[in-house]
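Chemist: structure, please.
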Amino acid sequence: MKNTYIALFILIPVLVFVGWQVWLSLNISRTEQQPYQVIWKKSEYEMREYPQSLMATVTSSSASYSDMAYGGFGKLAGYIFGGNSDQKSIAMTAPVHIQLSTEGSSMSFVMPASLNQDSMPVPDDSTVRLGLSESRKILTLRFGGWLRDERMPALEQQLLLEAQTNGLKVASAPYYMAYNPPFQLFGRRNEVAVEVE
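Modeler: Numbering: from 1, shown residues only. Okay, here's the model as predicted:
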């Protein structure tokens with residue numbers, strides 16, 4: 001009997017955790033994603049065309065992802081969870097855009113397609129800016145796991161080499177797109193991207 005209780009004590013939390021992770025995976029598949037058109041695909045690389053998108057953005061003087069993620073995500077989440085002039089909740093979308101640079105970094109949430117510049121509430125936090133991204137073509141490299149500063153240089157070099165191999169002229173520094181909450185362990189999707197001419 002004692003062994004049965006021990007087994008249940010271990011099994012129940014494991015089942016709850018697995019169920020939670022499955023729910024997260026299903027929920028992210030239902031999350032609205034920034035629209036784009038695939039021009040071509042090769043293995044983990046994709047060439048895409050993006051239309052203009054309305055974004056909420058915060059900037060930072062930090063060039064590291066760990067620093068940018070810590071402060072930036074909280075400010076943007078505060079805005080969409082009611083920290084705005086209408087005290088209105090705005091649906092989370094994917095991906096989160098992260099641009100890192102020694103000259104200044106940024107993190108952006110894409111706003112739902114049902115909203116426009118006229119209908120967007122004003123952020124309570126003046127460091128959150130609203131604006132339209134430019135339409136653009138980008139080359140992406142998809143990878144799993146978590147975004148970590150030590151992984152980024154090799155991923156960027158791999159993407160830039162693929163752009164060179166395909167005779168593409170790179171028109172921006174590499175940036176990142178993250179699709180999953182940090183507590184989702186399985187089925188994670190991240191991308192490093194560059195704008196191309």
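
Chemist: would you say residue 158 is within a helix?
Modeler: Yes: counting by DSSP: H, G, I helix; E, B strand; the rest coil, one finds residue 158 located in a helix.

Chemist: any idea how far it is from residue 63?
Modeler: For residue 158, the distance to residue 63 equals 20 Å [CB to CB, to the nearest Å]. Bear in mind the C-beta positions are built from the backbone N, C-alpha and C, glycine included.

Chemist: strands along the chain, start to end?
Modeler: Using DSSP state E, the strands assigned to the chain run over residues 37-42, 45-50, 54-60, 96-99, 105-110, 129-132, 136-143, 175-178, 190-196.

Chemist: so what does the last one touch, helix or strand wise?
Modeler: In this case it means strand 190-196. Here strand 190-196 is seen to pack against strand 136-143, helix 152-165, strand 175-178 when contacts are counted using 3 or more CB pairs under 8 Å, 6 or more residues apart in numbering; DSSP states H and E.

Chemist: what's the most buried one of the ones you listed?
Modeler: strand 175-178 (a mean of 21; mean count of other CB atoms under 10 Å).

Chemist: and the contacts of that strand?
Modeler: Strand 175-178 is contacted by residues 65, 94-100, 140, 147, 152, 190-194 when judged by CB atoms under 8 Å, 6 or more residues apart in numbering.

Chemist: enumerate every residue touching the residue nearest to residue 129 when sequence neighbours are not counted.
Modeler: Leaving out its chain neighbours, the residue that sits closest to residue 129 by CB to CB, 6 or more residues apart in numbering is residue 57, at 5.1 Å. For residue 57, the contacting residues are 106-109, 128-131, taking CB under 8 Å, 6+ apart as the criterion.

Chemist: same question, residue 105
Modeler: The neighbourhood of residue 105, defined by CB under 8 Å, 6+ apart, consists of 59-63, 68, 98-99.

Chemist: name only those of the residues you listed that count as buried.
Modeler: When burial is judged by neighbour count using 16 or more other CB atoms under 10 Å, the buried members of the contacts of residue 105 are 59-60, 62, 68, 98-99.

Chemist: which one of these is nearest to residue 119?
Modeler: For residue 119, the nearest member of the buried ones among the contacts of residue 105 is residue 59. The distance, counting by CB to CB, is 23.9 Å.

Chemist: please verify my assumption that the closest one contacts residue 106.
Modeler: Yes: between residue 59 and residue 106 there is a contact under CB atoms under 8 Å: 4.8 Å.

Chemist: re earlier: now the buried members of the contacts of residue 57.
Modeler: Buried members of the contacts of residue 57, scored by 16+ other CB under 10 Å, are 106-109, 128, 130.

Chemist: make JSON lines from those residues and add distance to residue 52 and pLDDT to it.
Modeler: As requested, the buried ones among the contacts of residue 57 are exported to JSON lines (distance: CB to CB, whole Å; pLDDT from 0 to 100):
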{"residue": "106", "distance to residue 52": "17", "pLDDT": "95"}
{"residue": "107", "distance to residue 52": "19", "pLDDT": "96"}
{"residue": "108", "distance to residue 52": "13", "pLDDT": "97"}
{"residue": "109", "distance to residue 52": "15", "pLDDT": "97"}
{"residue": "128", "distance to residue 52": "19", "pLDDT": "97"}
{"residue": "130", "distance to residue 52": "13", "pLDDT": "96"}
